[in-house]
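Participant: generate a structure from the sequence data that follows.
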Amino acid sequence: CLLQSLLAQTHRNFKALVVHDGPWDPQHHIDLQIRYGHDDRFEFTETTKRENAFGHNCRKWGLAALAPEVEAIGTCNGDVYYAPTYFEWMLG
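Facilitator: Next comes the predicted model:
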């Protein structure tokens, strides 16, 4: 749902780095690559060990990975709601 919300953004110039807490389930990772692998705005990675910390452990890693190449960064977990103008509001 969150990834579909990103696809619906009215501001189209973004990059989404999805950092999974722990190794991906192989089938889930394949499904994501099939659905979003054609779109270079999406990148999928994983941590080596699951910490079960609601994604907070992944944010620091994701921020460090994105910071050198972007002008603004927003973070969220998978429980955020659909907001197709989020990037416009953030950058406005």
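Participant: need the helices for the chain, in chain order.
Facilitator: 2-7, 26-36, 56-66, 86-91 (DSSP state H).
Participant: mean neighbour count, distance to residue 74 and mean pLDDT for those - can I get that in TSV?
Facilitator: All C-beta atoms are positioned from the backbone trio N, CA, C, and that covers glycine. Supplementary listing: the helices of the chain in TSV, determined by neighbours: other Cβ atoms under 10 Å; distance: least, Cβ to Cβ, whole Å; pLDDT from 0 to 100:
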stretch	mean neighbour count	distance to residue 74	mean pLDDT
helix 2-7	15	11	86
helix 26-36	12	18	92
helix 56-66	14	10	81
helix 86-91	14	6	86
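Participant: so who does residue 14 touch?
Facilitator: 6, 41, 87 (Cβ atoms under 8 Å, 6 or more residues apart in numbering).
Participant: from what I see, residue 47 and residue 56 are in contact.
Facilitator: No. Using Cβ atoms under 8 Å, residue 47 makes no contact with residue 56, being 11.7 Å away.
Participant: grab the most central residue of this protein for me.
Facilitator: Residue closest to the mean C-alpha point of the chain, counted by Cα atoms, centre = their mean, is residue 18 at 3.4 Å.
Participant: quick check: that residue vs residue 65, distance?
Facilitator: Distance from residue 18 to residue 65, counting by Cβ to Cβ, to the nearest Å: 11 Å.
Participant: repeat that for residue 27.
Facilitator: Taking Cβ to Cβ, one finds residue 27 at 25 Å from residue 65.
Participant: repeat that for residue 89.
Facilitator: Residue 89 is 24 Å from residue 65, by Cβ to Cβ.
Participant: with residue 42 instead?
Facilitator: 14 Å.
Participant: doesn't residue 16 make contact with residue 6?
Facilitator: Yes. Between residue 6 and residue 16 there is a contact under Cβ under 8 Å: 5.4 Å.
Participant: now do the contacts for residue 61.
Facilitator: Residue 61 neighbours (Cβ under 8 Å, 6+ apart): 19, 47.
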